[in-house]
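Enquirer: Provide a 3D model corresponding to the input given below.
(chains A and B)
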Amino acid sequence: MTDLLANLALGFSTALSLQNVFLAFIGCLVGTLIGVLPGIGPIATITMLLPITFGFDPVGALIMLAGIYYGAQYGGSTTAILVNIPGEVTAIVTTLDGHQMARQGRAGAALGIAAIGSFFAGCVATIVIAALAAPLVKLALLFGPAEYFSLMVLGLAFAVVLARGSVPKALAMILIGLLLSTVGTDLETGAERLTFDLTALTSGIDFAVLAMGVIGFAEVLKNLETPELRDLAKQPIGRLLPGREDLKRSAGPIVRGTLVGTALGIIPGNGAVLGPFASYALEKKLAKEPERFGKGAIEGVAGPESANNAGAQSSFIPLLTLGIPPNAVMALMVGAMTIHGIVPGPLVMTKNATLFWGMIASMWVGNLMLLIINLPLVGIWVKFLDVPYRLMYPAILVFSCIGIYSVNNSPSDVLLTGIFAVVGYALLKLGFETAPLLLGYVLGRLMEENLRRALLLARGHFTTFVERPVSAGLLGAALIVLAAAILPSVRRGRAEVFTE
Amino acid sequence: MMKRLLLFAALLGLASGGARAAAYPERPITLIVPFAAGGPTDVVARIVGDHMSRTLGQQLVIENVTGAGGTTGTTRAAQANPDGYTIVMGHMGTHGAAPAVYPNLKYDPQKDFLPIGLAAGTPILIVAKKAFPPKDLKEFVAYAKANSEKLNEAHAGVGSVSHTTCSLLNSILGIKPTRVPYQGTGPALNDLVGGQVDYMCDQIVNLTPQIQAGTIKAYAIATEKRSPALPGIPTTKEAGLPEFQVTAWNALFAPKGTPKEIVAKLNDALVKALDDENTRKRLLDLGGVISDRSGRTPEALGTLVASEIARWNKVLRPQTAAK
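Expert: Below is the predicted model:
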């Protein structure tokens, strides 16, 4: 305990130096601003801004990059709420209720609760990392391909819960998502699958392309159908920030989301993506009136956003303690450290104690910065919604296309986004939801890879999934979640399922 | 209007071709890195590019074009305007192993590119999980031959450095382990540390911290000399497997048709970067190997590419054909 305090004191003395506070602030600010541009997620943002950090000492550079990461992550949620474009995998869930809130004139409350929830989650996750990073990572190493596959199965079970309307339709969407995830080069043989000999498809479909097409652009198309109805003078402006009632409703989801997000973030191989989905499913199950979800329930923003931030932070645990990046953003952070002459590994904690604890303390500083930057910005973001559609939509489309192009510097990605926009619009018109499709897509690739790995290691015996206790437990949990999601709708029968 | 403008531009281009090479570079140069930012090739490109920018007086802007084992970005470079303003950091995979791995490769590493010069390479190590029984390389060789079918080898995807170099190792040893693919080195290393897989081959940059911390064990380094970054690890020659010699080299290439003067200028900037104390130190600290002066000429790189293509073709073809 005294050790922990001494370490944290060392960390804060590093992170709170004038230069580092300033760098954390700049990082968070720049990250937020660039992250708000649709399509430019944390990876693109950090890659673009990497050269800026060359002039700083490693600790300062990393603090700034981490700030950019949190900022971009938060910026992604902002676009999800305001214009229904998830900038990041983890923001898909936020589009569900966050954007509905914005449509009801409660964008400020949604953005505010996202910032507050994220801050709380960030504080808790910082403490968890400081106190438990070393023992937790041992747990993470128990996760082999079999466990990981079972975790993904559990994730897909959540996807069914996410569905607002019909379960069969949600299942169909999940399956299409899974199918889309198989496009590209086969990992094991290098053979091209479902690419129709198109170069653009050889590395698969990029998440940003799919998400922006089927959710963001499709939303724009849908809104073009109806003439602009908003009459700003008549519309009640509403509170800019969440009110007492909102906070009361959100308190539970924030705490639960934080716990779920932290736990999943520790799992290597990007367990953090599941955090928001798990939190959303959990809140929907716990809610007294689950039918409010998907129609602007603040709990559906508070929980997932907290889980998202908690996961974003606890995913630093494998990186800081093992030196192994759990996802693409962390891999980029490793690269940044390498360029600064520090190769992260299990010894960073002892060999570069200042860096290690400075980073941890800076996480808390970064979260505080985000709160300070974002609460005042909420007013500005909300103003964006006042921009007339005829100006806003072309701007969204243009910035999105720039964002998409910047991900891989590839023009064909922009074209693909256009195609997916039409597909997404058609799905919307036919009453299909696209969130389960995206989740199926995201989990599909991880699921297939780990399934094949697990079977390779088990020499083809499927029993490996039930013989390993962690894996068996996760599969059991998936069954329970599925049963809980499907049974009521079966019982209630058609009438009620389609009431929406 | 547009047509006339284009014609004018074309004429201008023809007229000033020679003069342009002399004035080169007049604007920033795009350096395509066909791998993700932060990876070993990217790090080499950024460190070397930093110094080259100062020599050339123009910024080398790094553009990461990822996908298909680096061949997406390399294809883009092959099709770029050969004016010296787009060059590419190719490596052992894109300009050596790729023709054997990808039957539909859209470029020819030799015909579609002019070699500029070898930058820096990263040595390859053979590593295994901590609990793996063999204590040294000799024991590993014996164990692997005796338990060929039971072994699990991790690699970072078909065509990746870890995949191609371990293909070489496996073919030298004549073993057929189960090869478990991962999406990149990170996840593969994670499962090696966790003990889910037995062994792998990879670049020193990725492995040093784990070896130093003792979370995995290293049998040998596949270079002539030991690495200052890991002085305790014997070379394959010392440890009794001299046939396994491989380095993940990185080198600059320009698209075919780039003027000779421009290639010479770029080569000169590269050579200067590799002579710079600070640049050398940054590369060596990461465990990199820097080519000596005679190895940095365009001709030397051309020879290397030819021999690498032949070598990987022999190692990888039977496998891709069988699959």
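Enquirer: hang on, isn't residue A:408 packed against residue B:67?
Expert: Yes. In terms of Cβ atoms under 8 Å, residue A:408 counts as a neighbour of residue B:67; the distance is 7.0 Å. To be clear about C-beta, it is placed using only N, CA and C from the backbone, and glycine gets the same treatment.
Enquirer: which residues touch the spatially closest residue to residue A:49 that is not a sequence neighbour?
Expert: Leaving aside its chain neighbours, residue A:49 sits nearest to residue A:68 (5.8 Å; criterion: Cβ to Cβ, 6 or more residues apart in numbering or on different chains). Contacts here follow Cβ atoms under 8 Å, 6 or more residues apart in numbering or on different chains; on that basis residue A:68 touches A:27-28, A:30-31, A:34, A:42, A:45-46, A:49.
Enquirer: for the stretch 51-200 of chain B, which spans come out with low pLDDT?
Expert: Nowhere does the stretch 51-200 of chain B drop to pLDDT under 70.
Enquirer: In the stretch 251-400 of chain A, what residue comes closest to chain B?
Expert: Of all residues in the stretch 251-400 of chain A, residue A:335 sits closest to chain B, at 1.6 Å by Cβ to the nearest Cβ.
Enquirer: Surely that residue is within a helix?
Expert: Yes. Checked against DSSP: H, G, I helix; E, B strand; the rest coil, residue A:335 lies within a helix.
Enquirer: what's the closest non-adjacent residue to it?
Expert: If the residues on either side of it in the chain are set aside, residue A:335 comes closest to residue B:38, at 1.6 Å by Cβ to Cβ, 6+ apart.
Enquirer: List the residues that contact residue 23.
Expert: Just going to use chain A. Each residue near residue A:23 by Cβ under 8 Å, 6+ apart is listed here: A:56, A:60-61, A:63-64, A:67.
Enquirer: sorry, should have said chain B
Expert: Residue B:23 makes contact with no residue, according to Cβ under 8 Å, 6+ apart.
Enquirer: How about residue B:258?
Expert: For residue B:258, counting by Cβ under 8 Å, 6+ apart, the contacting residues are B:82-84, B:114.
Enquirer: ok, now which ones touch the residue nearest to residue A:335?
Expert: Shown here is residue B:38, whose contacts under the criterion Cβ under 8 Å, 6+ apart are A:331-336, A:338-339.
Enquirer: ranges for the strands of the stretch 1-150 of chain B?
Expert: Secondary structure of the stretch 1-150 of chain B, counting by DSSP state E, counting those that start in this stretch: strands at B:29-33, B:60-64, B:86-91, B:113-129.
Enquirer: Shouldn't residue A:43 be within a helix?
Expert: Yes. Counting by three-state DSSP, residue A:43 is located in a helix.
Enquirer: Hmm, residue A:331 and it touching each other?
Expert: No. Applying Cβ under 8 Å, one finds residue A:43 not in contact with residue A:331, separated by 9.1 Å.
Enquirer: would residue A:221 count as being in a helix?
Expert: Yes. The assignment for residue A:221 (three-state DSSP) places it in a helix.
Enquirer: Three-state assignment for the closest residue to it other than its chain neighbours, please.
Expert: Ranked by Cβ to Cβ, 6+ apart and with sequence neighbours excluded, the top spatial neighbour of residue A:221 is residue A:425, at 4.5 Å. What three-state DSSP gives for residue A:425 is helix.
Enquirer: and if you look at residue A:308?
Expert: Classification of residue A:308 by three-state DSSP places it in helix.
Enquirer: What number of residues are in the vicinity of it?
Expert: When neighbours are defined as other Cβ atoms under 10 Å in any protein chain shown, residue A:308 has 32 of them.
Enquirer: and it, what is it in contact with?
Expert: The neighbourhood of residue A:308, defined by Cβ under 8 Å, 6+ apart, consists of A:73, A:77, A:90-91, A:94, A:118, A:121, A:261, A:272, A:275-276.
Enquirer: now with 10 Å?
Expert: By Cβ atoms under 10 Å, 6 or more residues apart in numbering or on different chains, the contact set of residue A:308 is A:73-74, A:76-77, A:88-91, A:93-94, A:114, A:117-118, A:121, A:257, A:261, A:265, A:272-273, A:275-276, A:279.
Enquirer: rewinding a little: turn the contacts of residue B:38 into JSON lines, including pLDDT.
Expert: Listed next are these as JSON lines, based on pLDDT from 0 to 100:
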{"residue": "A:331", "pLDDT": "78"}
{"residue": "A:332", "pLDDT": "80"}
{"residue": "A:333", "pLDDT": "81"}
{"residue": "A:334", "pLDDT": "80"}
{"residue": "A:335", "pLDDT": "79"}
{"residue": "A:336", "pLDDT": "80"}
{"residue": "A:338", "pLDDT": "77"}
{"residue": "A:339", "pLDDT": "77"}
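Enquirer: what distance separates the helix or strand residue A:451 falls within from the centre of its chain?
Expert: Using DSSP states H and E, residue A:451 sits in helix A:435-457. Between the mean C-alpha point of helix A:435-457 and the mean C-alpha point of its chain there is a distance of 17 Å (Cα atoms, centre = their mean, to the nearest Å).
Enquirer: buried sites along that helix?
Expert: Buried residues in helix A:435-457, counting neighbours by 16 or more other Cβ atoms under 10 Å in any protein chain shown, are found at A:435-457.
Enquirer: now swap in stretch B:116-134 and tell me
Expert: When neighbours are counted by 16+ other Cβ under 10 Å, the buried residues of stretch B:116-134 are found to be B:116-129, B:132, B:134.
Enquirer: then that stretch to PDB, C-alphas only?
Expert: Output of stretch B:116-134 as PDB, limited to C-alpha atoms (Å, rounded to 0.1, in the frame of the first residue of the first chain):
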ATOM      1  CA  ILE B 116      18.000   3.300 -54.300                       C
ATOM      2  CA  GLY B 117      19.800   1.600 -51.400                       C
ATOM      3  CA  LEU B 118      19.700  -0.600 -48.400                       C
ATOM      4  CA  ALA B 119      18.700   1.200 -45.200                       C
ATOM      5  CA  ALA B 120      18.800  -1.000 -42.100                       C
ATOM      6  CA  GLY B 121      17.800  -4.500 -41.300                       C
ATOM      7  CA  THR B 122      16.600  -6.200 -38.200                       C
ATOM      8  CA  PRO B 123      18.000  -9.600 -37.300                       C
ATOM      9  CA  ILE B 124      15.800 -12.600 -36.800                       C
ATOM     10  CA  LEU B 125      15.700 -14.700 -33.600                       C
ATOM     11  CA  ILE B 126      14.400 -18.100 -32.900                       C
ATOM     12  CA  VAL B 127      12.400 -17.900 -29.600                       C
ATOM     13  CA  ALA B 128      10.300 -20.300 -27.600                       C
ATOM     14  CA  LYS B 129       7.900 -20.300 -24.700                       C
ATOM     15  CA  LYS B 130       9.500 -20.300 -21.300                       C
ATOM     16  CA  ALA B 131       8.400 -23.800 -20.400                       C
ATOM     17  CA  PHE B 132       9.700 -25.300 -23.700                       C
ATOM     18  CA  PRO B 133      12.000 -28.200 -22.800                       C
ATOM     19  CA  PRO B 134      15.000 -27.600 -25.100                       C
END
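Enquirer: Done for today, thanks.
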